[in-house]
Each structure stands twice: as C-alpha cells, then as structure tokens.
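1. Sequence and predicted structure, then a few things I'm wondering about:
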Amino acid sequence: MIKEKIKEAYEKAENKIGFLNEVRDAIKEISPFKEPIENVRWVDIEKVKPNDYNPNKVAKKEMELLYKSIEHDGYTQPIVTFYDEDKDEYIIVDGFHRYYVAKEKEDIREKMQGKLPVTIINKGVNDRMASTIRHNRARGRHAIEGMSELVYDMFKKGWKDERICNELGMEAEELLRLKHITGFAKLFDGAKYNKAWESGNQIKIRKNYEKG
C-alpha cells in the first residue's frame, strides 16, 4: 500500500530526484536510527567539492580499479560530505576518489545522470578533518605527509594533544613520533606542549630528539 502511494506520487512529481530526497528526509525524521546513512541523497555532481585540507593523491592503478568496481557494481558507498548552506555546496569529508571517478569518467557520469549519492555530517572543520583521518585510518591507509598537515592545522586551531589522540584514535607516542618525523619545530610552532601529559617513555623519546 505504501509502496503504491509512493510510486503514484513519484510519477506525478515534476522533480523526481527532489521527490526521492524528500522521501528519504521523511524516513530519517521518523526513523529511530539517527545515522547519516539513513539519508543518502542524490545531488548534482557540480555541487560536490573537494575539501581544502586533505592532499588527495590519485594513484593511476588504484583509480582504474575503483573505476572498474563502480562500472560493474555501481556506487555501493555514498560520499560523506558537509553541506555548506552559504555556498549550496557539499564538501567532501570522505570519498574523494569515488567523486573523482564520476567527475572524470564520462560513462559513469552519464550512468549517474550527473548525480552523486552523498550522506551529510554537520561538523566544524577540525571535526571534519578528524573524520577524514578516521575514515582513512579505518581502511588502513593514510599518508604520513597528509596526516601531519591535518594534525598541524588542528594544532593551529587550538586542539590539544590529548583531544587529537582521542578524536583520531592515536596513541600519545604515535602522535609524538608523527611530530618528530614530519618536523618537530613546525608542529610545535605557536603551540604549548603539555609535558604533564607525557609518559615516561615519551619524555625519553622527546629528549633524545631534542639532543639531535
């Protein structure tokens, strides 16, 4: 009964994609599961934009494999985004490569009718950076250089070591090693390090690096 009513309303709708998005909005509103995946929206690919903090590197082999996957299986995962109301744009938090395939491959773009499936998370930029790292780390990959840039930005925006570790699922010593590997001075510039939070082993590591 419900299915027939939805189909009837869909046939009458002038903007059919907009209608489907409204149905998903309604489902999320009444659903007991208030998760982003509850509402996968179809949006114009031109409104989806890469973020300006993650150094997205496109490896040719990886992209060809992803292209083949999307070509044969379609989009099995949405792109995680933040919606910028002022610009009416969806900023990518996770899924740059899935976006890139549709952007660059005409057959995929045509198949998707110029749309992309997205979910939306409503977070500030530091929390979005943390989300990007968590998504990548959960898949077992994230470039040291790229991660260091994000962590550095978090320091500049006032996040402390303990919060960064908690948000990114990092051990304190892992963060300390990251700082030293990628440039001790740069990551500590303008940031006060909380030595009371250091473990004995961390202090030993730091002092060895400070000695040169």
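-> All right, it came through fine.
2. Now for the residue lying closest to Lys28 once chain neighbours are set aside: which residues touch it?
-> Nearest non-adjacent residue to Lys28, counting by Cβ to Cβ, 6 or more residues apart in numbering: Asn39, 4.1 Å away. Using the backbone N, CA and C atoms, a C-beta is placed for each residue, glycine as well. By Cβ atoms under 8 Å, 6 or more residues apart in numbering, the contact set of Asn39 is Arg24, Asp25, Ile27, Lys28, Thr119, Ile120.
3. Same list (these) but as TSV, adding pLDDT.
-> Formatted as TSV, these follow (pLDDT from 0 to 100):
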residue	pLDDT
Arg24	93
Asp25	93
Ile27	92
Lys28	91
Thr119	95
Ile120	94
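4. of these, closest to Asn51?
-> Nearest to Asn51 among the contacts of Asn39 is Ile120, at 13.9 Å by Cβ to Cβ.
5. And the helices in the protein?
-> For the chain, the helices defined by DSSP state H occupy 2-12, 16-30, 60-73, 96-104, 106-111, 125-138, 144-156, 161-168, 172-182, 184-188, 200-211.
6. So which of those is nearest Val43?
-> Comparing the helices of the chain against Val43 with Cβ to Cβ, the closest turns out to be helix 16-30 (8.2 Å).
7. re earlier: please check the contacts of Asn39 and keep the buried ones.
-> Arg24, Lys28, Thr119, Ile120 (16 or more other Cβ atoms under 10 Å).
8. So the third one versus Glu173, what's the distance?
-> For Thr119, the distance to Glu173 equals 34 Å [Cβ to Cβ, to the nearest Å].
9. Same check on Tyr67?
-> From Tyr67 across to Glu173, the span is 39 Å (Cβ to Cβ).
10. who has more neighbours, those two?
-> Neighbour count, other Cβ atoms under 10 Å: between Tyr67 and Glu173, Tyr67 has more, with 18 against 14.
11. Identify the spatial nearest neighbour of the more buried one, chain neighbours not counted.
-> Using Cβ to Cβ, 6+ apart and skipping residues adjacent in sequence, the residue nearest Tyr67 is Val101, 5.2 Å away.
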